[in-house]
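Student: Starting from these lines, generate the structure:
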Amino acid sequence: MNLFSKFFSMKNRIWLSLAHMGGREQEFIQEAFDTNWVVPLGPNVNAFEKALRDFLIGNGKLKVENEGKQVVALSAGTAALHLGLILLGIGEGDEVICQSFTFSASANPIAYQGATPVFVDSEEDTWNMDPVLLEEAIKDRLEKTGRLPKAIIPVHLYGMPGKLDEILEVAGRYNIPVLEDSAEALGSEYKGRKCGTFGEYAALSFNGNKIITTSGGGALVCPSEERAKRALFYATQAREQAPHYQHEKIGYNYRMSNICAGIGRGQMFVLEEHVARRREIHDLYVKLLDGVKVMCQPEGGDFNSNYWLTCITVDPEEAGFTREDVRLALDGDNIESRPLWKPMHLQPVFKEAPFYGNGTSERLFEIGLCLPSGPMLTDQDIERVAKVIYDL
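Tutor: Numbers count the residues shown, from 1 in each chain. Got it, this is the predicted structure:
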C-alpha cells in the first residue's frame, strides 16, 4: 500500500474536544467589520458580557443573591486569574493556596505577582481541593510563617464542582478570599447554583477546546460594578482619567477584542446545547464502559457537572492493562486522548513550593485518561472509542 492509499484508508480522526460553531458567530463578526468595531471594545463585547452575566446569575432567589455580580471579558482565562489576584492585593512575598491537580494556568499567575503557591491535594470524590488538607495547610503556613495565606484558588476539574460548602466554610473561618477557577466549568452547578458565582472572584475560559469558545479568551466574574470597573482599568493598561496618557499603576493588555467577542456572542446561543450534549456523551460512556471506572457524580444530587471532558481511571492490577496501553491503543485507531493533569507539585518549575498531600492526585495522574468529549461527536464515535478500550 503506497502512502497515498494508506492516508485515505485511515479512519477519521476523533479529537478530544473541538470547537463547534452554532451559526450566528459569523453574523456578529461581520457586524463588527461592517461597523468598523475591530478593537478591544464595542457592541459585541458588551453583549457577550451581559449574556454571560444573565446565564450565571440565574433566576428567582439565585438572581437576587447574585445580582451585584458583573462580568469582564478578557483575552484569556489566565488573564482573569491574574487580574483576580491583583484585585485581591496579592503581591511579593505573599502565599496563595492553589489546587495541585490542575493545569498550570491556575498557578502561574501567582508567580506573576511574585507570590508563592502553596499546593493542596485532592479528595477522591470530585478530584478537587480536599477541604481537610486545605485547613491543614492554612494552620501549618500560619505556624511556619506567622501569616495566613492571602487567597485560595480551588478548581472545578474537568467541569466537576468541588466541595464548595466545605471549602468556603474553611475559607470563611480564616477570612481568606476565594478566587474560583471555573475555566472548565461553565454550565456546571453546585446545589443548583452556577459555578463561577461562589468565590469573591471567578475566572472563566473560552479557549478553543472549552464548553464555548471565542477562539481564545476568558472572563473575570466580579462581585460588584465597582470591582468590575477596577478590573477593566487594569485590563486596559491602567490608564488614568486624563486628557493625556497618565499611568500610576502597572497595567495589562488583557481586554477581549470585539471580533472575538462576536464569536462568543454567537456561542451563547448554543451553550446549553453544548452542555447537554457533553452530559449525554458522559452517560453513554458510563453505559458502554461497564466495568471500567468512569468519572461519575459524587453521591447525592448537589453536584451537576458539565462533563467538559469524560475521564476514566485504569487500575493495572484490575484491568490487566495500563492507562498508557489505552492511550496508545486509541492513538493507533486515530483517536485523541490525554492523560489527566500532572499535579503542580510534581512540576519542575514549582519544585520548591510547599505541598500538602495524600497521594490522590499523583495516583490519578498515573491511572487517569481523558476521553473524546466534544459536542460534535456522534454516538457512533463514542462507540468506536469504547470498542478500542474493550478490545484490549
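Student: what's around residue 275, how many residues?
Tutor: 23 (other CB atoms under 10 Å). C-beta: built from backbone N, CA, C; applies to glycine.
Student: which ones are touching it?
Tutor: Listed by CB atoms under 8 Å, 6 or more residues apart in numbering, the contact partners of residue 275 are 186, 187, 211, 306.
Student: Of the residues you listed, which belong to strands?
Tutor: The subset of those located in strands under the criterion DSSP state E is empty.
Student: could those go into a markdown table alongside neighbour count and pLDDT?
Tutor: A markdown table is the format used below for the contacts of residue 275 (neighbours: other CB atoms under 10 Å; pLDDT from 0 to 100):
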| residue | neighbour count | pLDDT |
| --- | --- | --- |
| 186 | 26 | 98 |
| 187 | 25 | 98 |
| 211 | 27 | 97 |
| 306 | 27 | 97 |
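Student: of all these, which comes closest to residue 239?
Tutor: residue 186 (30.2 Å; CB to CB).
Student: so how far is residue 160 from that closest one?
Tutor: From residue 186 across to residue 160, the span is 13 Å (CB to CB, to the nearest Å).
Student: Low-confidence bits of this protein, can you list those?
Tutor: Within the chain, the set of residues satisfying pLDDT under 70 comprises 1-10, 64, 297, 299.
Student: Wait, residue 213 touches residue 206, no?
Tutor: Yes. Applying CB atoms under 8 Å, one finds residue 213 in contact with residue 206, separated by 5.1 Å.
Student: who touches both of those two?
Tutor: In contact with both residue 213 and residue 206: 264, 267, using CB under 8 Å, 6+ apart.
Student: more neighbours, those two?
Tutor: Between residue 213 and residue 206, counted using other CB under 10 Å, the more crowded position is residue 206 (29 against 22).
Student: Can you report phi and psi for that one?
Tutor: phi -120, psi 40 (degrees, to the nearest 10).
Student: mind listing what it touches?
Tutor: Taking CB under 8 Å, 6+ apart as the test, what residue 206 contacts is 77, 212, 213, 214, 215, 216, 217, 218, 219, 264, 267.
Student: So which of those belong to helices?
Tutor: Counting by DSSP state H, the contacts of residue 206 place 77, 264, 267 in helices.
Student: since we're on residue 289, how many residues are nearby?
Tutor: 18.
Student: Nearest spatial neighbour of it, chain-adjacent residues omitted?
Tutor: Nearest residue to residue 289, sequence neighbours excluded (CB to CB, 6 or more residues apart in numbering): residue 386, at 5.6 Å.
Student: what kind of secondary structure is that neighbour in?
Tutor: Secondary structure for residue 386, judged by DSSP: H, G, I helix; E, B strand; the rest coil, is helix.
Student: Please consider this matter closed, and thank you.
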